[in-house]
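J.: Here is a sequence together with a model predicted from it:
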Amino acid sequence: FFFKQKTAYEIAQRLVGSEMCIRDSPTTSLTDLYKQIEGSITIKQEYGEYPTIQDQPFEEKYDAVLMSKIEEKSAIKKDFSLKNNQDVISALATNPLLHGLDEEICRERARAILRINNAFCKSFWLLSCLPKIMQQIPELSFSSNYFKYILPSARSKLMPHLLSKASDYSDTDIHISKKKEREFKNTGAIDTALNDTIFGQVFRKILRVREEDTRSYKAPNFIISFAGEQKVAKQKLHPQIPALIAEELQSSVLPLFIPTANNKLSLGEERNKWTVNPSCVSHEFLSAYKFIGEFMKICLESKDLFSLDLPSLIWKKLLGKETSVEDLRKVDAHCCDELDKIKASDEKSFNEAEDVFFVTNLSNGQEVELIPAGKSVKVTYARRIEYINLVIQCRLNEGDIQIKAMKEGLFEVVHDSIKLLFDEKEFENMVCGVQEVNLERLKSATVYESHDEAKSNYRMLWEVLSGMSQKEKLLYLEFVTRRKRFPVLHETIHHNIKTLATSQPNESFPISYPCQFQINLPEYTSPEILKRKLLYSITHWREMPELEKVAKDESNIRSLLENYDQNDLHIK
């Protein structure tokens, strides 16, 4: 006879495989690492106990300073250990934003935050089963007080594990025709058939492959490149494609997204945002929205940016977060202001004002009834609060069918735990990047020709960049990489500098090679010349792709530079 080995379900309900090992592992004492930080800190690990801080409660604003500075430094190092962050700890204690606090308290609090993040990063094997593990270790709940001390760069290290739902099938090449896209856009038409733009071509070709491959929605993996161009080594996605698709989606060439009311009227917060088009409800359009969600995952996997300027309302809904009237205000401030006036009005002024009916307008201008026959039902003073609530509910639910499709595409290939790991702003920044260039992080990621970073033209470049405004730095980033935003993950920052060989360096312009994230820089004789040439290049590369040829026209260049307005970055 033989003894039957017990299954995981017989040993512990809801624990299977590696989760059973996690339960029995001594490292589940990880809960000891998450002792309360607010007011006092006691951090325990297997190798000892750290000092307790009880002398002085810490205000949240001071924690925010500590965490932002630790994030800024340790993200570059990709390391949260105390041994390799002593310089960070020392610098934090003397930070002017923490003036008046005991330096040793600041140092110990910084050490505690680093220890927690270091432990978190070493616990990927534990956190790979997040939903069930949360039930076993409440202190690791993402809603707990402890989790707020986990830095975004530490949480982002989990991203490769959260993309594990991706297909294991072989790669399939997708080739996009630039000529087809260019010829279509020259007609000035809207690609309602989703067929001729870069987005339309990618969408159609992937859809066709899936129709031929019935194994699953996730099969196969795709390598997307331009027809007739050499593939970029070790990259599944041509570096320019995400930026070009984002640009198309946020334009009139595709019907899927439209400007928000705040965008149209230049009002309120979150201007220049685009929202889903409520009128795009056909099966084909919903399939396109679903693909947009999956394309976010493709970009995350390829460590590229997909810079969609969507309002926080949409990012919240993608992550299953609750929304409120304040989210609507960031989309349509005018609507909210009108509702505030109605709510604050007295009965006399309300009755004297223009009649209001139980209808409202969506972002695309479509009028919808809030109650049956709402067009003919006048809002009375007694029912004004009911009307306000109905408008808010209707506008917050606007576009739900399109956002649901995007959500299905994203989370069909991404682990659901991503909803718990990041808030809406952090997730947006991971997908799209941030609108602020961190020069220190850019410099630390830069690769120099022959590894000679001491060359005079390279040193002058950093000197010029440090004196630029954020708007100009973003223009530089777009010129070199075609990215309109700066990556939050250090491993996704790419920047290469080479010297441009020319007999007349002061008459030449910097040249960029976006596919290699590279700038070729002439050996200018002064920072002033470099600045003038660089500013012209970063503001006119679209109209003048071959700037080195234009440099030969001395009189033309001198005239243009004399009329250059440095404040608004335009030719007068």
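T.: Cool, the structure landed.
J.: Show me the strands in the protein, by range?
T.: 44-45, 48-49, 171-176, 221-226, 257-259, 274-276, 359-361, 367-369, 446-448, 495-499, 511-513, 518-521, 564-565, 570-571 (DSSP state E).
J.: From the chain's centroid, how far away is the fifth one?
T.: For strand 257-259, the distance from its own C-alpha centre to the chain's C-alpha centre is 19 Å (Cα atoms, centre = their mean, to the nearest Å).
J.: Between the strands of the chain, which one is closest to residue 432.
T.: strand 274-276 (12.0 Å; Cβ to Cβ). (C-beta placed from N, C-alpha, C; glycine too.)
J.: Outside of the closest one itself, list whatever touches it.
T.: Outside of strand 274-276, the residues within contact range by Cβ atoms under 8 Å, 6 or more residues apart in numbering are 249-250, 256-260, 263, 289, 308-311, 313-314, 331, 363, 399, 402-403, 406.
J.: try it again with 7 Å
T.: Residues outside strand 274-276 that contact it (Cβ atoms under 7 Å, 6 or more residues apart in numbering) are 250, 257-260, 263, 309-311, 314, 331, 363, 399, 402-403.
J.: do the same with stretch 337-357
T.: 374, 375, 377, 378, 379, 381, 384, 387, 388, 391.
J.: Next: stretch 323-335.
T.: Contacts of stretch 323-335 with the rest of the structure, by Cβ under 7 Å, 6+ apart, involve 260-262, 265, 267-270, 275, 311-313, 316-317, 336, 392, 395-396.
J.: Same check on stretch 431-441?
T.: Identification of contacts with stretch 431-441 by Cβ under 7 Å, 6+ apart yields 76, 296, 299-300, 305-308, 465-466, 470, 473-474, 477, 483, 485-488, 490, 493.
J.: if we can go back for a sec, of the strands of the chain, flag the one that's most buried.
T.: Of all these, strand 274-276 has the most neighbours on average by mean count of other Cβ atoms under 10 Å, namely a mean of 24.
J.: ok so, going back, mind putting the strands of the chain in JSON lines, mean pLDDT and distance to residue 69 included?
T.: JSON lines is the format used below for the strands of the chain (pLDDT from 0 to 100; distance: least, Cβ to Cβ, whole Å):
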{"stretch": "strand 44-45", "mean pLDDT": "34", "distance to residue 69": "24"}
{"stretch": "strand 48-49", "mean pLDDT": "34", "distance to residue 69": "26"}
{"stretch": "strand 171-176", "mean pLDDT": "82", "distance to residue 69": "42"}
{"stretch": "strand 221-226", "mean pLDDT": "78", "distance to residue 69": "38"}
{"stretch": "strand 257-259", "mean pLDDT": "97", "distance to residue 69": "37"}
{"stretch": "strand 274-276", "mean pLDDT": "97", "distance to residue 69": "34"}
{"stretch": "strand 359-361", "mean pLDDT": "96", "distance to residue 69": "45"}
{"stretch": "strand 367-369", "mean pLDDT": "95", "distance to residue 69": "48"}
{"stretch": "strand 446-448", "mean pLDDT": "91", "distance to residue 69": "22"}
{"stretch": "strand 495-499", "mean pLDDT": "92", "distance to residue 69": "23"}
{"stretch": "strand 511-513", "mean pLDDT": "90", "distance to residue 69": "32"}
{"stretch": "strand 518-521", "mean pLDDT": "92", "distance to residue 69": "29"}
{"stretch": "strand 564-565", "mean pLDDT": "42", "distance to residue 69": "36"}
{"stretch": "strand 570-571", "mean pLDDT": "36", "distance to residue 69": "36"}
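J.: Looking at the contacts of strand 274-276, which is nearest residue 534?
T.: Nearest to residue 534, judged by Cβ to Cβ, of these is residue 309 at 26.1 Å.
J.: so what's the residue nearest to the closest one when sequence neighbours are not counted up against?
T.: Spatial nearest neighbour of residue 309, chain neighbours left out: residue 273 (5.1 Å); criterion: Cβ to Cβ, 6 or more residues apart in numbering. Taking Cβ under 7 Å, 6+ apart as the criterion, residue 273 is in contact with 260, 262, 263, 309, 310, 311.
J.: Kindly provide the distance from the spatially most central residue of the chain to residue 422.
T.: Centroid-nearest residue in the chain, with Cα atoms, centre = their mean: residue 429, separated by 2.4 Å. Relative to residue 422, residue 429 is positioned 9 Å away (Cβ to Cβ, to the nearest Å).
J.: How about residue 440?
T.: From residue 440 over to residue 422 the distance is 24 Å, taken as Cβ to Cβ.
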